[in-house]
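**Q** Output the structure for:
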Amino acid sequence: MKTAILFVCMGNICRSPTAEGVFRTRAARAGLAVDIDSAGTHAYHIGDAPDARSQRHAALRGYDLSAQRARQVTGNDFARFDHVLAMDEDNLEALRRACPPAHRHKLGLFMQYATRSGSPIVPDPYYGGSDGFDRVLDYIEDASDGLIARLAA
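**A** Got it, this is the predicted structure:
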């Protein structure tokens, strides 16, 4: 049976689609059978492709985000996914407010799986420069490797 993981940020155009693309690639390389998706806590960008800067920086590291489209978290996501992982505390709190009590144990911060990065969150790169998108990739690769190790154990 596949483990199902949902990555969540605010608009689902920068951090969570990057996490989806990076994790999908790295999990496949590790031979893990996982169901992966991403979503946003807000409805700002429903149907939009990931931010062009996210796509460009991801492509430079071999990750293709081009087929993804933004969507908002739904009530069904809490039942469907085994792990619902937020990129930061604000989005984790939004998830806690929306999540039925029976599924709250599935919620967490993605960076709890990081082993090399010192940040508890994946910072939002949207309003910054290109170095922010590289930092996001560094953090997401780190947390992805940690989560893959945990799932493979």
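**Q** what's the distance between stretch 29-46 and the middle of its chain?
**A** 6 Å (CA atoms, centre = their mean, to the nearest Å).
**Q** for stretch 94-111, that is, sorry about that
**A** Using CA atoms, centre = their mean, the offset of stretch 94-111 from its chain centre is 14 Å.
**Q** Show me what Leu109 is bridged to.
**A** Ala86 (DSSP bridges).
**Q** Could you pull out the strands in the chain for me?
**A** All strands of the chain, identified by DSSP state E, fall at 3-9, 34-40, 83-86, 107-109.
**Q** ok, and what's touching the second one?
**A** I take that to be strand 34-40. Residues from elsewhere that reach strand 34-40, judged by CB atoms under 8 Å, 6 or more residues apart in numbering: 2-13, 16-17, 19-20, 23-24, 27, 68, 70-74, 77, 81, 151. Every C-beta, even on glycine, is put in place using the N, C-alpha and C of the backbone.
**Q** what about 7 Å?
**A** Contacting residues not belonging to strand 34-40 are listed as 2-12, 16-17, 19-20, 23-24, 27, 70-73, 77 [CB atoms under 7 Å, 6 or more residues apart in numbering].
**Q** Kindly report the same for the first one.
**A** Contacting residues not belonging to strand 3-9 are listed as 15-16, 19-20, 23, 34-41, 73, 77, 80-87, 91, 95, 110, 151 [CB under 7 Å, 6+ apart].
**Q** Which parts of it count as buried, going by neighbours?
**A** By neighbour count with 16 or more other CB atoms under 10 Å, strand 3-9 contains the buried residues 4-9.
**Q** if you skip the residues just before and after it, what's nearest to Ala33?
**A** Nearest non-adjacent residue to Ala33, counting by CB to CB, 6 or more residues apart in numbering: Lys2, 4.8 Å away.
**Q** any chance of the strands of the chain in JSON lines, with distance to Val136 and mean pLDDT too?
**A** Below are those laid out as JSON lines (distance: least, CB to CB, whole Å; pLDDT from 0 to 100):
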{"stretch": "strand 3-9", "distance to Val136": "10", "mean pLDDT": "98"}
{"stretch": "strand 34-40", "distance to Val136": "13", "mean pLDDT": "98"}
{"stretch": "strand 83-86", "distance to Val136": "14", "mean pLDDT": "98"}
{"stretch": "strand 107-109", "distance to Val136": "14", "mean pLDDT": "98"}
